[in-house]
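> model this:
(3 chains)
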Amino acid sequence: MLFDSSNLEAELGCLTKPDGSAKFTINDTVQLCGVYGPGEVKLMKEIAERASVSVVYKPRVGLNTNREKVFEYTLRSILDGIIITSLHPRTAINVIIQEVQNDSNYLACSLNCACLALLDANIPLKYTFASVSCALIENENRIIYFPNAKQEKESLMSGTFVFDSVDKDLISVNTSGVFDQDQFNFILNNARQYAIDKIFPLFNKLINQQYNKN
Amino acid sequence: MLESIVALPGDEIEIRRKEGKELVIGPGLRKDNQNTIVSMKCGLLKKKENFFWLESHQKRYVPSRNEYVIGIAVTKSAETIKIDIGSSEYASLSFLAFENATKRNKPNVEIGDLLYCRVLTGNKDMEPELVCIDAAGKASGLGVLKDGFMFKINLELARRLLSGSNQFLRELSKNIPPFEITIGMNGRIWIKTSSCKQTIFLFQAINQYSNVSESDTENFIKNLLKDYSDWE
Amino acid sequence: MQDIDINKATQPYEYYLKFIKENCRPDNRRLSDIRPCNVTVNCINTANGSSLVKLGSTNVICGINARLCRPKEDRPNKGYIICNVEVPALCSSKNFKSSSSAQSGGFTQSSVSSASIEQTQAMLTQLMQDIIAESKCLNEEDLCIKEGKLAWILYIDLICLNNDGNVQDACCLAMISALKNLKLYEVDFDEEENKPIVKYPLILKSLVLNNEPVCTSLFALEENILLTDPNKQEEDFMKTFVLICSIDTKKICLIRKLGGFSLKTEQLNLCINRALENGKYLRENVYNKF
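Numbers count the residues shown, from 1 in each chain, chains lettered A, B, ... in the order given. So this is what the prediction gives:
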């Protein structure tokens, strides 16, 4: 069951200093991402046979808490698997995400933003990835995509899913709420379909626009 | 047809191979485990005879052999100069790699000087090495660039300006006072003109040219020159 | 015999794969088995609740201290549960450097598992906090003695004494075992004098948990091979990692999967089935002992 009134917008190359940058908007959540790379790396972080990926997430207010650290680690593990790091040994690829506005869905928004920024920076990737956040409403068996905070609280379960662009398999998932296996499969399949129908075409459209305007 | 395909990373590129002819794949494409050609970056698929590659927008330079780049001298040691060419590592340039250089007759290079050099070795595992002489031992334009003004553009624009078929700079130079220009493949351009106004004009012209397609070049130059003559 | 030893040192991953192809692991487990698990409770006398878990060689100790406090104005009927996990340098040679560098120069380190000490501690702390919050095994309302005036704070401290892989499962076991054995004194609130009164004779009350979460970690090597409960060496090889926390025989409260390569739906379902079975096994054999 689809119920979607989400507003997705994205912009590539909005910052001039970083090698690649992107801005992604989901309803009222806006995230900005800058990518530097492949660039100079500190000796401590240098790896002999591949690039060293580092992620920094800056919340709009306050310092980094454990929640942000966990997100940085999750994104780094995703990017390490996607970036073809063996092409740039002894370099650093730095991904910095700045929260501009956070209504909810900050995970999905930041992940999509990071993917676009990497595409803008032209760093070699194995495939692109798309992230969908959805919530399952208990009694009605319907799914809300990119729920706001109130909808998430009232839902039975919610989760952020990350799919790859080639086989559309699950790269990463983060759930909240109590559920059983069938409900998980239901929400997983619907999230995957949403990514195939809405998010990957959005990426394609953006990149086509950028390259075909000349 | 083939020209307008924009590939994203992970896209399989279908290339029909001609019998007996070798297929050569260039930047942005790779062969994966199943022997299919897959793109690594996003870009326009281009081809020339049996050579396929992706043309993509990039700001960060990755050094590769036999490219001409503009670098900034960062540190000097007894034998070599460390040059910043915009890549992940500083490149090294030996003092003896200049025309007529010997151990006693070292060239006069200061920290902060601009140098136009050729990349001798540029692979991912080593620091890049530069030289300021060509294969015959002559300078042929390489070496220290004195005075002038340097600015950065993206790599695609640099390649475009350097390509033989591009007439932008030639057309422009017919209508304004003479100037000197050097274009590095690492996205750096050095210009030397007789007046500040002309430098600013050229800087703006080149930066705006990145948004202009090949067919609009003439109109673009006409509009530019209109503005320029207003200044004079 | 010598050939085997050389292979183990020079090509550890290929040596390990040889076992996996035969459907077993070097430490004599099947792919879906966890290591032998041993839990001791009430090992710290000075704490209100404690437990020590040995999952194979991984040792985690948990101590819970309860303190009284005044609840904050925006949540007057709730107590607090504060988790903290420490992975000190003593538990593993890889944790020796406490700088925030991500890699300590090891070339066998898998990109999925490498993290600095601060990141590991942050991840585990957040995970423990999330397990309590998502599973709702303990309601914060139960910790409130007098609304707006008096409530319990539970400080749950977990320390990894020996890291032989899969600290997160051991931490979860330790925390829930300690919570099950937590004994709090009965306390009343005196309105006139505005302070807490401990009831005499001392009555110890244990907390009733709504459910018993069990964490299961699974990891994948090559495309189709999923294994449960990685030890330290396996953590170096793993290509992707799934963490599932089940609260009873059918329900799950948490699924986390880190990056690395992607898993198909059938493999995910296999992970969920294994996690539910493992949860059932641990509840019967470990939690029900106390």
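> ok, C:Glu147 to chain A distance?
Computed as Cβ to the nearest Cβ, to the nearest Å, the C:Glu147 to chain A distance reads 22 Å. Glycine gets a C-beta too; all of them are placed from N, C-alpha and C.
> ok, A:Phe129 touching A:Val166?
No. Applying Cβ atoms under 8 Å as the test, A:Phe129 and A:Val166 come out as separate, 9.9 Å apart.
> quick one, which of those two is more surrounded?
Using other Cβ atoms under 10 Å in any protein chain shown, the more surrounded residue of A:Phe129 and A:Val166 is A:Phe129, with 30 against 17.
> tell me who's in contact with that one.
Residues near A:Phe129 by Cβ atoms under 8 Å, 6 or more residues apart in numbering or on different chains: A:78, A:82, A:111, A:115, A:162-165, A:171.
> list the buried ones in the strand or helix carrying B:Ser173?
According to DSSP states H and E, B:Ser173 maps onto helix B:168-175. For helix B:168-175, the neighbour count (16 or more other Cβ atoms under 10 Å in any protein chain shown) marks B:168-169, B:171-172 as buried.
> hmm, back to that, just give me the closest of the contacts of A:Phe129 to A:Thr29.
A:Leu111 (12.0 Å; Cβ to Cβ).
> per-residue pLDDT, the closest one?
According to the prediction, A:Leu111 has pLDDT 93.
> let me see the contact set for residue 78.
Picking chain A for this. A:Ile78 makes contact with A:111, A:129, A:162, A:171-172, C:258-259, according to Cβ under 8 Å, 6+ apart.
> please go with chain C instead
So C:Lys78 contacts C:71, C:140-141, C:143-144, C:151 (Cβ under 8 Å, 6+ apart).
> quick check: the gap between the residue nearest to it when sequence neighbours are not counted and C:Leu179.
Leaving aside its sequence neighbours, C:Lys78 sits nearest to C:Glu140 (Cβ to Cβ, 6 or more residues apart in numbering or on different chains; 4.0 Å). According to Cβ to Cβ, to the nearest Å, C:Glu140 stands 13 Å off from C:Leu179.
> same question for C:Gly148.
With distances taken as Cβ to Cβ, C:Gly148 is found 25 Å from C:Leu179.
> neighbour count winner among those two?
Neighbour tally, C:Gly148 and C:Leu179, criterion other Cβ under 10 Å: the higher count belongs to C:Leu179, 22 against 14.
> so that one is in which element?
Secondary structure from DSSP H and E places C:Leu179 in helix C:167-180.
> that helix vs chain A: in contact?
No. Applying Cβ under 8 Å from any Cβ of the partner chain, one finds helix C:167-180 separated from chain A by no less than 12.1 Å.
> using CSV, write down the CA coordinates of that helix.
Extracted in CSV, the C-alpha atoms of helix C:167-180 (Å, rounded to 0.1, in the frame of the first residue of the first chain):
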residue,chain,number,x,y,z
VAL,C,167,31.4,-7.9,22.4
GLN,C,168,27.9,-6.7,21.6
ASP,C,169,26.1,-10.0,22.2
ALA,C,170,28.0,-10.5,25.4
CYS,C,171,27.2,-7.0,26.6
CYS,C,172,23.5,-7.5,25.9
LEU,C,173,23.5,-10.8,27.9
ALA,C,174,25.4,-9.2,30.7
MET,C,175,23.1,-6.3,30.9
ILE,C,176,19.8,-8.2,30.8
SER,C,177,21.1,-10.8,33.3
ALA,C,178,22.1,-8.0,35.7
LEU,C,179,18.8,-6.3,35.3
LYS,C,180,17.0,-9.6,36.1
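> tell me which helix or strand comes right after it.
strand C:183-185.
> which residues in the chain form helices?
All of this is about chain A. A:66-82, A:106-121, A:149-154, A:181-194, A:200-212 (DSSP state H).
> hm, I was asking about chain C
For chain C, applying DSSP H gives helices covering C:2-10, C:12-21, C:117-135, C:167-180, C:232-237, C:265-285.
> from those, which stretch is densest packed?
When those are scored by mean count of other Cβ atoms under 10 Å in any protein chain shown, the highest mean neighbour count falls to helix C:167-180 (a mean of 27).
> that one to helix C:265-285, inter-axis angle?
Orientation of helix C:167-180 against helix C:265-285 (axes from the mean of the first three to the mean of the last three Cα atoms, to 10 degrees) gives an angle of 40 degrees.
> what mean pLDDT would you report for helix C:167-180?
Here the average pLDDT along helix C:167-180 is 92.
> what do you get for stretch A:128-138?
What stretch A:128-138 shows for mean pLDDT is 91.
> can you give me the buried ones in it?
By 16+ other Cβ under 10 Å, the buried positions in stretch A:128-138 come out as A:128-137.
> now stretch A:34-50
Those would be A:34-39, A:41, A:45-47, A:50, for stretch A:34-50 by 16+ other Cβ under 10 Å.
> what subset of those is also close to chain C?
Within the buried residues of stretch A:34-50, those near chain C by Cβ under 8 Å from any Cβ are A:45, A:47.
> redo the buried residues of stretch A:34-50 as CSV? Include distance to B:Thr182.
Formatted as CSV, those follow (distance: Cβ to Cβ, whole Å):
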residue, distance to B:Thr182
A:Gly34, 30
A:Val35, 29
A:Tyr36, 26
A:Gly37, 27
A:Pro38, 25
A:Gly39, 24
A:Val41, 30
A:Lys45, 35
A:Glu46, 33
A:Ile47, 36
A:Arg50, 35
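> which of the buried residues of stretch A:34-50 sits closest to B:Lys48?
Of the buried residues of stretch A:34-50, the one sitting nearest to B:Lys48 (Cβ to Cβ) turns out to be A:Pro38, at 27.2 Å.
> any figure for the gap between the closest one and chain B?
Per Cβ to the nearest Cβ, A:Pro38 is found 5 Å from chain B.
> residues contacting C:Arg75?
The contact partners of C:Arg75, taken as Cβ under 8 Å, 6+ apart, are C:Glu140.
> check it and give its pLDDT.
89.
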